[in-house]
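**Q** For reference, the sequence and a predicted model appear below.
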Amino acid sequence: QGYLPGQLYNLNDSKYGTKAELEKLIDLFHENGICCIADIVINHRSGWKQDSSGHWNVFEGGTKDKRLDWGAWAIVDNDAYDSGGKGHHDTGESYGAAPDLDHTNKQVQDELTDWMNWLKAEVGFDGWRFDFVRGYSPRFTKLYCERTNPTFSVGELWTTL
């Protein structure tokens, strides 16, 4: 789903291949002593549909249960993107092209952590490349690393956007 992710658990909704193909590729890398880093986009997220006010802030996680099924409560209240967010103020810079997530929200933290741990345990990733780390406070990158224990992690820090 690239840099405008929607259904985070739905790895079959990709132009790059299926979840099974990705797992097979990761296994092949591991057999050859190569770690695999997931390029994760957790500053912002693309809405699955519009709310009653026309804001794209209704999210679906890509599972049959409610994991990552979020609404305006999960979006910062001062987002540059007209998202109708009802969360806390953004702790970083706004992305502008999609609603910024409220990383101060415990449910957002817990469900992103669960998803990242799923990427490690089920898919086989070893670590993270955090996209657009200017979009949220470094304390949250630290939190997610502490909760997921990656082999390696790095953040994309653009200084001239």
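**A** Done, it's in.
**Q** tell me the residue furthest from the middle of this structure?
**A** The centre of the chain is farthest from one residue, Asn32, which by CA atoms, centre = their mean lies 28.0 Å away.
**Q** Tell me the confidence at that residue?
**A** pLDDT recorded at Asn32 is 98.
**Q** One more: the one 4 residues further on?
**A** Per-residue confidence at Cys36 stands at 98 (pLDDT).
**Q** Mind checking what secondary structure the spatially most central residue of the chain has?
**A** Nearest to the geometric centre of the chain sits Ile42, at 3.1 Å (CA atoms, centre = their mean). When classified by DSSP: H, G, I helix; E, B strand; the rest coil, Ile42 comes out as coil.
**Q** my guess is it meets Glu111, correct?
**A** No - Ile42 lies out of contact with Glu111 (CB atoms under 8 Å); the separation is 10.6 Å. C-betas here are computed from N, CA, C, even on glycine.
**Q** what's the burial count for Leu22?
**A** Neighbours of Leu22 under the rule other CB atoms under 10 Å: 19.
**Q** Wasn't it part of a helix?
**A** Yes - assessed with three-state DSSP, Leu22 lies in a helix.
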